[in-house]
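K.L.:
Predicted structure and sequence below. I'll ask about it afterward.
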Amino acid sequence: NAGVTQTPKFQVLKTGQSMTLQCAQDMNHNSMYWYRQDPGMGLRLIYYSASEGTTDKGEVPNGYNVSRLNKREFSLRLESAAPSQTSVYFCASRQQTTGAAETQYFGPGTRLLVL
Amino acid sequence: AQSVTQLGSHVSVSEGALVLLRCNYSSSVPPYLFWYVQYPNQGLQLLLKYTSAATLVKGINGFEAEFKKSETSFHLTKPSAHMSDAAEYFCAVSGGSNYKLTFGKGTLLTVNP
């Protein structure tokens, strides 16, 4: 199993450009998450999808949109990139059977630089 | 609402010394608590988690953590640091709708030879 995969690994954008970050998991997990990591801030939740067909906002959703394409894939879109969106983006997934004790599994991250 | 406070953004120890990384939590419901480790330029990997089965939790790579409800703490320890332990460590609490994780700001562990 590959676990959680993310593409691309690294991207440079100019202000105002758009892009989509891709995430896929092969663990048959129900829930998927997008986080951003900034120095000294820990990880902050952008959007999540509790199950296929549902999405909801997290702590910092402004400037982002998401699509839960199917059970495996959850994409994050920046419609008009801003320098404040320079960050490392992590996708995660978890099974949702026993509840809050379930572990979230993380992808390797996408490093985004917006000039 | 839930929150996590990690005391000390940077901890430096000598190889072979005790590692102690502090985490305090706030939660309105019985918490589930996690420690994750992040090696340079990698994703997060689960070290251990508390799920109410036992207050002393053993994880990978010789780490363990003790849940203390009276102190609202879940500190991470390792008796003897190794150079390979150098990484950033995150404490997280789970609860609320859809069991979202709330992370602390992280502690960078440096191990000196």
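P.N.:
Here it is on my side, so go on.
K.L.:
Contact residues of chain B facing chain A?
P.N.:
Residues of chain B lying close to chain A (CB under 8 Å from any CB of the partner chain) are B:9, B:32, B:34, B:36, B:41-46, B:49, B:51-52, B:90, B:94-95, B:98-101, B:103-106. (Each C-beta comes from the backbone N, C-alpha and C, glycine too.)
K.L.:
So which of these sit within strands?
P.N.:
Under the assignment DSSP state E, those contribute B:32, B:34, B:36, B:44-46, B:49, B:90, B:94-95, B:100-101, B:103 to strands.
K.L.:
how about those in CSV, adding pLDDT?
P.N.:
Shown next, in CSV, are those (pLDDT from 0 to 100):
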residue, pLDDT
B:Tyr32, 88
B:Phe34, 94
B:Tyr36, 97
B:Leu44, 94
B:Gln45, 94
B:Leu46, 94
B:Lys49, 92
B:Phe90, 96
B:Ser94, 85
B:Gly95, 71
B:Lys100, 80
B:Leu101, 88
B:Phe103, 93
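K.L.:
Tell me how far the residue nearest the centre of chain B lies from A:Leu69.
P.N.:
Centroid-nearest residue in chain B: B:Trp35, 3.6 Å away (criterion: CA atoms, centre = their mean). Remark: distance between B:Trp35 and A:Leu69 (CB to CB, to the nearest Å) = 32 Å.
K.L.:
Buried ones among the ones in strands among the residues of chain B next to chain A?
P.N.:
Listed as buried from those are B:32, B:34, B:36, B:44, B:46, B:49, B:90, B:94-95, B:100-101, B:103; burial here means 16 or more other CB atoms under 10 Å in any protein chain shown.
K.L.:
isn't A:Thr103 right next to B:Lys49, touching?
P.N.:
Yes - in this structure, A:Thr103 is within contact of B:Lys49 by CB atoms under 8 Å, at 6.5 Å.
K.L.:
so what sits against both of the two?
P.N.:
The contact sets of A:Thr103 and B:Lys49 overlap at B:Phe34 (CB atoms under 8 Å, 6 or more residues apart in numbering or on different chains).
K.L.:
give me the low-pLDDT residue ranges for chain B?
P.N.:
Residues of chain B meeting the criterion pLDDT under 70: B:96-99.
K.L.:
make it 90
P.N.:
Along chain B, the model assigns pLDDT under 90 to residues B:1-2, B:27-32, B:41-42, B:51-55, B:94-101.
K.L.:
Which helix or which strand is home to B:Ser12?
P.N.:
For B:Ser12, the element it lies in under DSSP states H and E is strand B:10-14.
K.L.:
Please name the bridge partners of the residue nearest the centre of chain A.
P.N.:
Closest residue to the average C-alpha location of chain A: A:Trp34 at 2.6 Å, with CA atoms, centre = their mean. As for beta bridges, A:Trp34 partners with A:Tyr47, A:Cys91 under DSSP bridges.
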